[in-house]
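Asks: Fold the following, please.
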Amino acid sequence: MSATAIDHAHDYSHDHPYGWRRWLYATNHKDIGTLYLWFAFVMLMEGGVLALLIRAELFQPGLQFFQPQFFNQLTTMHGLMMIFGAIMPAFVGFANWMIPLQIGAADMAFARLNNFSFWLLPPAGLLLTAAFFMPGGAAGTGWTMYPPLSEQMGPGMDYIIFAVHLMGASSIMGAINIITTILNMRAPGMTLMKMPLFCWMWLITAYLLIAVMPVLAATVTMILTDRHFGTTFFNAAGGGDPVMFQHLFWFFGHPEVYIMILPAFGMVSQVIPAFSRKPLFGYSSMVYAAASIAIISFIVWAHHMFATGMPVTGQLFFMYATMLVAVPTGVKVFNWIATMWRGSLSFETPMLFSIGFIFVFTIGGLTGLILAVVPIDIEVTDTYYVVAHFHYVLVGGSLFAMFSAFYYWAPKWTGKMYEETRGQIHFWSSIIAFNIAFFPMHFLGLAGMPRRYADYPGQFTDFNMLSTIGAFGFGLAQVYFLFAVVVPMLKGDKKAPDKPWEGATGLEWTVPSPAPFHTFEVPPDVR
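Replies: Numbers count the residues shown, from 1 in each chain. Next up, the predicted model:
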């Protein structure tokens, strides 16, 4: 081999590492997107096991398996793993895969930062898991980490704080990367108002992340200094105020809710036009609605705090501000339905999950509107009605949208086609089990069953049994998804065509085609 050839071979192996080095040193947006998605799926499974342990304990009244303290550790870690370990990294994985492809960029703006922002996550996931094995176990504070409880917990609480710091830093770096990529690296001619909606939703989400993640970091740092360095930010004995923690936490926490749903809106806005065979109805109104939701999200945080004794004036403000969010959200739901209206619909798995998303997300949105009403909220605060509400939004919303996007885009990513029948089995088993698991919780909450309790009176038994059966069914559906859909697709030889959905939809896989003459944004000529 000549010296030149050796140099070329050396350069290639340096630029394109293989084996484990390919993943450890990854700077390619597709590889990093894949890493995010696998990490998120592992955390989804881990958090899901914790959820099933919770439901197993609640199958009957009385203490079956766990003491109340350990039960509360399960609820805390389930929430933290699902929010910071599963939903957010999964959305960033989709963003890494799709944003450069959709805007015509070669890669993300900061390739090594992209690598670093992912590799902060596995240590954070390990820290969360390790908290269980600390003296006293993980914190039993709930994912919200409220003091004074979080200031009295064992060292597991410190592990949780450190994990939240790492995940927050990862989110901030990812958001900077996404904003820079979208604003600076679009192909010529791709103006902001021509971008696919998934890019728009992520651009808005990234600004939200940069705005609120430092607030969370500051808040958990104050808990840390209260625990170890003698400060009394949240300790009433030293002049602090535990309610101040709630204000700080929910100033982060409510925009966080929209961080976990806006990318889902973008995914559904890509899938529904494709399988309706017509462009999205009201593109610009969708962009403005998303921006409105993001702005309003900063002025509604205290609706999580109606039971803390705030003045009536404050209650009224936060009640009306919260109700205001329903307007742009309603615009979005209307636009999705208007897109499907008189479209030539077909019901492949991505479309089923998107329609399922609209159905369950709308239920979650309506219960959110009900919870915005102060007298109702005070009655059902910390009951299973609230649990039902946010699971309809985050599982039926975020997770169903991600399944929809996976089925839609994975053929393009992998070059392999999944088995359609198995995808449909996954959808129907998921949506049926999901509703069996979470719909009865509305009735439990209205009847007064508090959340985060390991035991309950016998009157709640039937609905709890139903919920537990549904939860195990939903968990099994996701195991089916892994072993009957994902693994066979990756290992199989069923090649996907270059445009996997063109035969089904007549539309390209990333952006809607130009509007046909019968779009309802331009009245048809009926002469």
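Asks: what bits of the chain have low per-residue confidence?
Replies: For the chain, the stretches flagged by pLDDT under 70 are 1-15, 502-527.
Asks: The residue nearest the centre of it and residue 37, how far apart?
Replies: Here the mean C-alpha position of the chain is nearest to the C-alpha of residue 87 (CA atoms, centre = their mean), at a distance of 3.4 Å. Separation of residue 87 from residue 37 (CB to CB, to the nearest Å): 12 Å. From N, CA and C alone the C-beta is placed, and that goes for glycine too.
Asks: Quick check: the residue nearest to the centre of the chain touching residue 398?
Replies: Yes. Between residue 87 and residue 398 a contact is recorded at 5.1 Å, counting by CB atoms under 8 Å.
Asks: Find residues that contact each of the two.
Replies: Residues touching both residue 87 and residue 398 (CB atoms under 8 Å, 6 or more residues apart in numbering): residue 260.
Asks: Report the contact partners of the residue nearest to the centre of the chain.
Replies: Residue 87 is in contact with 40, 260, 394, 398, 399, counting by CB under 8 Å, 6+ apart.
Asks: same thing with residue 149?
Replies: Residue 149 makes contact with 139, 140, 141, according to CB under 8 Å, 6+ apart.
Asks: now with 10 Å?
Replies: Listed by CB atoms under 10 Å, 6 or more residues apart in numbering, the contact set of residue 149 reads 72, 139, 140, 141, 142, 157, 242.
Asks: What distance do you get for the residue nearest to residue 307 when sequence neighbours are not counted to residue 125?
Replies: Nearest residue to residue 307, sequence neighbours excluded (CB to CB, 6 or more residues apart in numbering): residue 381, at 4.5 Å. Remark: distance between residue 381 and residue 125 (CB to CB) = 31 Å.
Asks: Between the two, which has more neighbouring residues?
Replies: Neighbour count, other CB atoms under 10 Å: between residue 381 and residue 125, residue 125 has more, with 23 against 18.
Asks: contacts for the helix or strand that contains that one?
Replies: Using DSSP states H and E, residue 125 falls within helix 121-130. Outside helix 121-130, the residues within contact range by CB under 10 Å, 6+ apart are 35-36, 39-40, 42-43, 46-47, 76-77, 80-81, 84-86, 88-89, 92, 138, 156, 158-171, 174.
Asks: My understanding was that residue 339 contacts residue 197; is that so?
Replies: No. Contact status for residue 339 versus residue 197: not in contact, 11.2 Å apart, counting by CB atoms under 10 Å.
Asks: and for those two, which residues touch both?
Replies: Residues touching both residue 339 and residue 197 (CB under 10 Å, 6+ apart): 268, 269, 273, 280, 286, 512.
Asks: So which of these is the closest to residue 110?
Replies: Nearest to residue 110 out of the shared contacts of residue 339 and residue 197 is residue 269 (CB to CB; 26.8 Å).
Asks: and the closest residue to that closest one other than its chain neighbours, how far is that from residue 259?
Replies: In space, residue 269 comes closest to residue 197 once its chain neighbours are excluded; the distance is 4.0 Å by CB to CB, 6+ apart. From residue 197 over to residue 259 the distance is 16 Å, taken as CB to CB.
Asks: Quick check on these two: which one has the bigger neighbour count.
Replies: Using other CB under 10 Å, the more surrounded residue of residue 197 and residue 259 is residue 259, with 28 against 22.
Asks: In this structure the more buried one contacts residue 171, no?
Replies: Yes. Residue 259 is within contact range of residue 171, at 8.3 Å (criterion: CB under 10 Å).
Asks: Which neighbours do the two have in common?
Replies: Common neighbours of residue 259 and residue 171, using CB under 10 Å, 6+ apart, are 88, 91, 205, 206, 209, 212, 213.
Asks: burial of the fifth one, as a residue count?
Replies: For residue 209, the neighbour count with other CB under 10 Å is 24.
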